[in-house]
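Peer 1: A predicted structure for the sequence below; I have some questions about it.
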Amino acid sequence: MRTLFALLLTIVALPVGAQTLGKPLQLKEPMSIQKLMATPDAYVGKTVQVKGKVTDVCQEMGCWMELVDASSGAKVRIKVEDGVIVFPKDSAGKTAIAEGVFAKQVMTRDQVVAQAKQEAEENGRKFDPATIKSGGTFYQVQGTGAVLAN
């Protein structure tokens, strides 16, 4: 019953022309990306919901999108399991609300280079491995559901 109620609330609250992807959103309202990224370790392993403008989308499989907080410029990546949700490749510029478990990844330089090279190839961009000097810690939302609005 709670799931049906949450679904009905989501449908009622959606703007006209919104596109729902994946599972229905469960949290009542999104937190700012700025707040999430200010203290990311406090949210690791927790379900979060964020809202922002889509700035980039995986052009090969639609398996990730990046959202930016309009007021602060803070960014977060929403990553989904390949094929479970496919973010439309033309989503850049749209507003999105996304939900999922917040995760932390610690990567070596070689892992960062490999990921950046793959993303550059998928998106038809040039890539120079010399631009990456070290590994790093990265945070992302392991997406379970999203809503895209025009």
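Peer 2: That came through fine.
Peer 1: isn't F102 up against A42?
Peer 2: No - between F102 and A42 there is no contact under Cβ atoms under 8 Å: 9.3 Å. For every residue, glycine as well, the C-beta is placed using N, CA and C.
Peer 1: looking at these two, which has the bigger crowd around it?
Peer 2: F102 (20 against 10; other Cβ atoms under 10 Å).
Peer 1: next, give phi and psi for the spatially closest residue to that one that is not a sequence neighbour.
Peer 2: Distance criterion Cβ to Cβ, 6 or more residues apart in numbering; nearest residue to F102, sequence neighbours excluded, is Y43 at 4.4 Å. The phi and psi values for Y43, taken as degrees, to the nearest 10, are phi -110, psi -10.
Peer 1: roughly how far does Y43 sit from Y139?
Peer 2: Remark: distance between Y43 and Y139 (Cβ to Cβ, to the nearest Å) = 8 Å.
Peer 1: just L21 next, same as before
Peer 2: 21 Å.
Peer 1: what sits closest to K75 if chain neighbours are left out?
Peer 2: In space, and not counting its chain neighbours, K75 is closest to V68: 4.9 Å by Cβ to Cβ, 6+ apart.
Peer 1: next: S72.
Peer 2: Q34 (3.9 Å).
Peer 1: and the one helix or strand the one you found maps to, what does it pack onto?
Peer 2: Per DSSP states H and E, Q34 falls inside helix 33-38. Under the contact definition 3 or more Cβ pairs under 8 Å, 6 or more residues apart in numbering; DSSP states H and E, helix 33-38 sits against strand 47-57, strand 75-79.
Peer 1: give me that answer again for 10 Å
Peer 2: Applying 3 or more Cβ pairs under 10 Å, 6 or more residues apart in numbering; DSSP states H and E, we find helix 33-38 packed against strand 47-57, strand 75-79, strand 136-149.
Peer 1: and those: which comes nearest E119?
Peer 2: strand 47-57 (9.2 Å; Cβ to Cβ).
Peer 1: anything in contact with each of Y43 and Y139?
Peer 2: 36-37, 102-104 (Cβ atoms under 10 Å, 6 or more residues apart in numbering).
Peer 1: coming back round to it: pull the number of nearby residues for the residue nearest to S72.
Peer 2: Other residues within reach of Q34, judged by other Cβ under 10 Å, total 17.
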